[in-house]
Each structure stands twice: as C-alpha cells, then as structure tokens.
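Undergrad: Sharing a model prediction with you, sequence too.
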Amino acid sequence: MLARRIIPCLDVRDGQVVKGVKFRNHEIIGDIVPLAQRYANEGADELVFYDITASADGRSVDRSWVERVARVIDIPFCVAGGIDSLELATEVLEMGADKISINSPALQNPQLITDMNARFGQQCVVVGVDSFYDEKETDYRVYQYTGDVERTQLTGWRTVDWVQKAEALGAGEIVLNCMNQDGVREGYDIKQLSLIRGLINIPLIASGGAGALEHFSEVFVKSDVDGALAASVFHKGVIDIQDLKGYLRQAGIEVRT
Amino acid sequence: MICIVDTGCANLTSVKFALERLNAKPQVSADPGTITSAERVFLPGVGAAAYAMNGLRERGLVETIQALTQPVLGICLGMQILLESSQEGNTACLGLVPGQVKALDTKGLRSPHMGWNTLTEINDSPLFTGIEVGDYFYFVHSYAAGLSEATIASSEYGSAFSAAIQNENFYGVQFHPERSGEKGLQVLKNFLEVQL
C-alpha cells in the first residue's frame, strides 16, 4: 500500500535553514546538509527546500547546496525558490533534485507548469500555493512573494480556482500552505485541506500548523492528504519522526517503516 | 568501469551520487565505445517516453544499447523504454524486454502513483537479495508495465504492475533505487554484483 508521507520542510535563506512564524521574524536553525542528513536518517520520506527569499528578491535560488544535499541524501527531495524557467529547472534537477516546486513563478506564468510537465514529466512539477483565509471575502485567496513580508501580495486567484487550474495545466502535486496556520502549531487547516482535497485528483500535501502528533493523524484521516509537511516541530525537536511514525502506525495509518 | 548512459534525462545525478555512496566510480557518458566497454550499464530516465527515445536516437545510442551483453539496469522511465512500446505518446521503444507500457489503471486512486510503496511479490532474483515483500521503495510514475513472464517483482496501486523486470542481461526497476533509502542502495549493490 502507498504510504502517507512525512515531509520536513527546510526554509533556506542565504544558504542556511531558517524558520519564521506566520512567514515573519526568521531565526536561523542551522546548516542545510547536516540537517537534511539527520532527517533522512530519522525516517523522513521526503524533504522540501524552500529558498524563501528568492522570488521576492527577484533572483533565483542559490543552488550550490543542492548538489551537496544530493550527494548525501537517499530519499527524494524537492527544491523551490524563484525557479521561473525551464533552464533553471534543468540546472537544479541536474544537480540532483528530484522535483521542482514553483509558486510565484507559476502565478506569473501559468504556462510554465505545462512546459515543465512536457519537459520533465508530471511527477517533477509541484505547485506550491500560499493560501490565506480572507474574513471579509469569506474565501481562501492566493498570495505570492510570501518570503518577504514587505512584498507579499494578494493575487487575483481564489485558492479553489487556482489549484484546479494548476492541475489542469499539468501539475503533479499541490503543496497547500495554509498561511493562517503557519508556524503556530495549532493543527493543520482541516477545513481548507478537505475542501481542496475534494477538488483535485493529484497528490495533495498539507502545510502549516503542525504542533503535535495528533495533528498528523487528524490531517491524514480527515483531509485524506498524501503527505504532511512540517518544519518547526522537527527543527526544534518537539516531534521525533520515528515517534510520529510509530504513533501513526498505531492509529492504523500506513507509513513507511 | 560502470557507465551511466547520458540520456539527457534529469535523474542521472542522483543515480551517480547513489553509486558513489557505494564506493563505485560511475562515468556518465553518451559515447558508444564507453557504454559498450562498461561492465555495468545504468539507463536512468524521468520524463516522457518519446522524449527519452528521441534523446537516445539523437545521440545515436539505440543500436548501441540494443547490442549490449553486460548487465544493464533501466530505472523508472529507463526501465519502461526497455520494453517494446509505450502507450505514452505511442512510442516505439528498445524492444529488449517483451511487453508494452500502458497507463497505470489506478482504479480511481490519485495519479501519478507517487510515494513509498511496498513490493507485493518478489521472484528469486539476485537483484533482490536481502529484500523482502513489504519493503518500501520510492515510486513516481503514471505509466507501467503489466505483469508478464519478465516480471521479477510486483507492486500494486489500483492494479498490479511490474516493479522490476528482467530479460537475459536487461534488468529494469520501476521504482527509484537511488532515492529509496537503504533498501534502494541494497538493490543497486545487488545489481553491481549480478553474475550472468
């Protein structure tokens, strides 16, 4: 049976792993390579690296570490951050990344999703979506340039429309960052994830809000997501990946041993 | 010498690094002489079948690969193009293993089949020394080869499919051993030790 994936996310800024709360006030967690290796050894199923400042700075991801990570890691990993052309995507994949996640560049140029699909295959193309619940509009809306609070912008997209558009254009997976929940460790946004789950038939990864073991089982059971992404609970040692997997297995959720 | 065929596809670097973790020193090459003289040949691949076959054709490597007599391991799309044809873009493939690649019938499960899945059956093959039914490997694909006489390991996602195939010196794995943790490294190690 296909296992549900546990995915530590490493936000990268200037070559170091950082973590913010609600996308602000980043603190340095440590160097990329040892942290990546530690998570792989502890049983992470996949890693995601977000160069969080890349798109907002108008530059592409600093790629020198991609190859260093690829040398030591024996699980799949995905790289995101300002990858806005086939050429850049090719470079990152050639350095050993398995998937490319595009967020702001996909919003600027949706055709990029289709072009990447044709060139690398659907499995390589992850679309990251930063979604915020707008109380006035009573709807989920898509934001871009969330790596920098000064430049974060509301887009014209409703989240429900954008995820379906991304799937139709050829995305192989959606990572839904629920911004209202980010970094606050109060649980995944079950309501939003369940809503999106019902709209797309490609893998959906939950992101934002993990704080306790039961948040993971809840999101797998209630929102039927394929993977759960988290950062601070792993970085700060609040949750040990092996403990988490033991807990999920006991709850009857299929995870890789 | 171990050779990774430079197919122009994207996962060759991860295959190279995985082999280096096993202390092998693979060469990435599109040179027919280098490929032919290697003791072991890896045929990696991600992307679309037609793109991969065109890549081999442009590099003049179709006949080179077809004529190989040493152990060859196709990985993911590299496995699929060992077969006769792929439904993906109606592509004629290398024809080294009998059978066709078809869209995986996921019976309504999410597609692509992406993530860690178990092997459901394993034949007695040197490729799977030390590997057991229930071990997890990393898969990412939406096309697959069905079960046939060439199947040496199977997996299931909606329906059963070949997780690994073999015809004489040509081996193929649908999963990514280079990204499947310790078990994946074991499969790569086994392949390096396969005796024909």
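TA: That came through fine.
Undergrad: Now do the phi/psi pair for residue B:192.
TA: In terms of degrees, to the nearest 10, the main-chain angles of residue B:192 are phi -60, psi -20.
Undergrad: so what's it scoring on pLDDT?
TA: pLDDT for residue B:192: 98.
Undergrad: list the buried ones in stretch B:108-121?
TA: Judged by neighbour count using 16 or more other C-beta atoms under 10 Å in any protein chain shown, the buried positions of stretch B:108-121 are B:110-119. All C-beta spots, glycine's among them, are computed from the backbone N, C-alpha and C.
Undergrad: May I see the residues you listed organised as JSON lines, with distance to chain A and pLDDT added?
TA: Below are the buried residues of stretch B:108-121 laid out as JSON lines (distance: C-beta to the nearest C-beta, whole Å; pLDDT from 0 to 100):
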{"residue": "B:110", "distance to chain A": "6", "pLDDT": "90"}
{"residue": "B:111", "distance to chain A": "7", "pLDDT": "87"}
{"residue": "B:112", "distance to chain A": "5", "pLDDT": "88"}
{"residue": "B:113", "distance to chain A": "7", "pLDDT": "93"}
{"residue": "B:114", "distance to chain A": "5", "pLDDT": "93"}
{"residue": "B:115", "distance to chain A": "5", "pLDDT": "96"}
{"residue": "B:116", "distance to chain A": "4", "pLDDT": "98"}
{"residue": "B:117", "distance to chain A": "5", "pLDDT": "98"}
{"residue": "B:118", "distance to chain A": "7", "pLDDT": "98"}
{"residue": "B:119", "distance to chain A": "12", "pLDDT": "98"}
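Undergrad: can you map out the strands along chain B?
TA: Using DSSP state E, the strands found in chain B span residues B:2-5, B:27-29, B:40-43, B:72-75, B:85-86, B:91-92, B:100-103, B:113-122, B:136-141, B:143-145, B:151-157, B:159-167, B:170-173.
Undergrad: mean confidence for stretch A:47-67?
TA: Mean pLDDT, stretch A:47-67: 73.
Undergrad: Any part of stretch B:45-58 near chain A?
TA: Yes. On the criterion C-beta under 8 Å from any C-beta of the partner chain, stretch B:45-58 is in touch with chain A at B:46-48, B:51.
Undergrad: Nearest to residue B:104, out of those: which one, please.
TA: Using C-beta to C-beta, residue B:48 is the member of the residues of stretch B:45-58 next to chain A that lies nearest residue B:104, at 14.8 Å.
Undergrad: got a list of what that closest one touches?
TA: When contacts are counted by C-beta atoms under 8 Å, 6 or more residues apart in numbering or on different chains, residue B:48 touches A:118, A:121, B:77, B:88-89.
Undergrad: Top of these by number of neighbours, please.
TA: Using other C-beta atoms under 10 Å in any protein chain shown as the neighbour criterion, residue B:77 leads the contacts of residue B:48 with 31 neighbours.
Undergrad: which helices and strands does the host helix or strand of residue A:214 pack with?
TA: Using DSSP states H and E, residue A:214 falls within helix A:213-223. Where contact means 3 or more C-beta pairs under 8 Å, 6 or more residues apart in numbering or on different chains; DSSP states H and E, helix A:213-223 is packed against helix A:190-197, strand A:204-207, strand A:227-230, helix A:241-250.
Undergrad: Give the buried residues for it.
TA: Under the neighbour-count criterion of 16+ other C-beta under 10 Å, helix A:213-223 has A:213, A:215-220, A:223 buried.
Undergrad: quick one on the thing from earlier: tell me which of the strands of chain B is the most buried.
TA: Among the strands of chain B, ranked by average contacts under mean count of other C-beta atoms under 10 Å in any protein chain shown, first place goes to strand B:72-75 (a mean of 28).
Undergrad: Run me through the strand neighbours of that strand, direction for each.
TA: strand B:40-43 (parallel), strand B:170-173 (parallel) (DSSP bridges).
Undergrad: which outside residues touch that strand?
TA: In contact with strand B:72-75 (C-beta under 8 Å, 6+ apart) are residues B:11, B:15, B:40-45, B:65, B:80-82, B:96, B:169-173, B:176-178, B:191.
Undergrad: try 7 Å this time
TA: Outside strand B:72-75, the residues within contact range by C-beta atoms under 7 Å, 6 or more residues apart in numbering or on different chains are B:15, B:41-45, B:81-82, B:169-173, B:176-177, B:191.
Undergrad: from these, which single one is nearest residue B:143?
TA: Looking across the contacts of strand B:72-75 and measuring by C-beta to C-beta, the closest to residue B:143 is residue B:81, at 10.8 Å.
Undergrad: That closest one - how many residues pack around it?
TA: Residue B:81 has 30 neighbours, counted by other C-beta under 10 Å.
Undergrad: excluding its backbone neighbours, what's nearest it?
TA: Nearest-residue entry for residue B:81: residue B:93, 4.5 Å, with adjacent residues in sequence omitted and distances by C-beta to C-beta, 6 or more residues apart in numbering or on different chains.
Undergrad: Quick check: the one you found vs chain A, distance?
TA: Distance from residue B:93 to chain A, counting by C-beta to the nearest C-beta, to the nearest Å: 16 Å.
Undergrad: Identify the residues contacting that residue.
TA: For residue B:93, the residues meeting the contact criterion (C-beta under 7 Å, 6+ apart) are B:49, B:53, B:81-86.
Undergrad: from those residues, which is closest to residue A:169?
TA: residue B:49 (20.9 Å).
Undergrad: ok, now which ones touch residue 68?
TA: Using chain A. For residue A:68, the contact set (C-beta under 7 Å, 6+ apart) comprises residue A:33.
Undergrad: The intended chain is chain B.
TA: B:36, B:41, B:169.
Undergrad: From chain A, how far off is the residue positioned nearest the centre of chain B?
TA: Geometric centre of chain B, nearest residue: residue B:75, 2.3 Å, by C-alpha atoms, centre = their mean. From residue B:75 across to chain A, the span is 12 Å (C-beta to the nearest C-beta).
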